[in-house]
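Build me a model from this:
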Amino acid sequence: MTVIDLATQGTQAALAELVGVTQPTISNLMSEGKIPPTGALGELLLAYCQRLRDQAAGRLGATLGLDLVQERAALAREQREGQAIKNAVARKEYAPVGLLADVLGMAASSVVDHFDQLEGALRKACPDLPDEAKTTLQHVIASARNEWIRSTERAVLDRIDAMLTNQDDDQADTEPDEGGAP
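Okay, the predicted model is just below:
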């Protein structure tokens, strides 16, 4: 068994051997100011252990620009939102935006295809219908089709805005105020 004198001047190699890491690791910690560059071996060991305790307790996050409490709260919020989405999907209250866009696009395409066939159908059904009447009818149908597309888009955007506003309100309710209380 080797006896170590903790009162002797500490070296990077001695501290590295004592704590079970490489000398370059200790050198990096010293050059980054995370442990003192000089001192007795016992002092360096205490500084190294204190850094490990701080790291384990999450107190080093503040020096790295992280706050463990806020990070845990953000993770919990994301998990809660993920579960809420899964529940909404299970209740058939939610569908991916891409799917909704595809369905609306197919519905609009189907309607447009039928409207495009109107001119030929009118020629067959009403061959004596004056051109002005056909033109007026096509303008009215085109206007109705365009208004349908605009109103559908407006309704979707209004609904999305309402959902985002509700999410923002929910997040504001769950975030701590400046005093730190929820």
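
count of neighbours near E93?
Look at E93: counted by other CB atoms under 10 Å, it has 9 neighbours. Any C-beta I mention is one placed from the backbone N, CA and C, and that applies to glycine too.

so what's it scoring on pLDDT?
The model reports E93 with a pLDDT of 80.

contacting residues around D158?
D158 makes contact with no residue, according to CB atoms under 8 Å, 6 or more residues apart in numbering.

Against T152, how distant is V103?
Distance check for V103 against T152: by CB to CB, to the nearest Å, it reads 11 Å.

For the residue sitting furthest away from the middle of the chain, grab phi and psi.
Residue farthest from the centre of the chain, counting by CA atoms, centre = their mean, is D128 at 61.8 Å. Backbone geometry at D128, expressed as degrees, to the nearest 10, gives phi -90, psi 0.

Make residue 1 into 19 and carry on from there
Let's use 19 as the start, then, which means that last one is D146.

From L140, how far out is it?
Taking CB to CB, one finds D146 at 11 Å from L140.

got it, and M48?
88 Å.

Check the residue nearest to the spatial centre of the chain and give its pLDDT.
Geometric centre of the chain, nearest residue: E96, 7.8 Å, by CA atoms, centre = their mean. pLDDT, the model's per-residue confidence, is 94 for E96.
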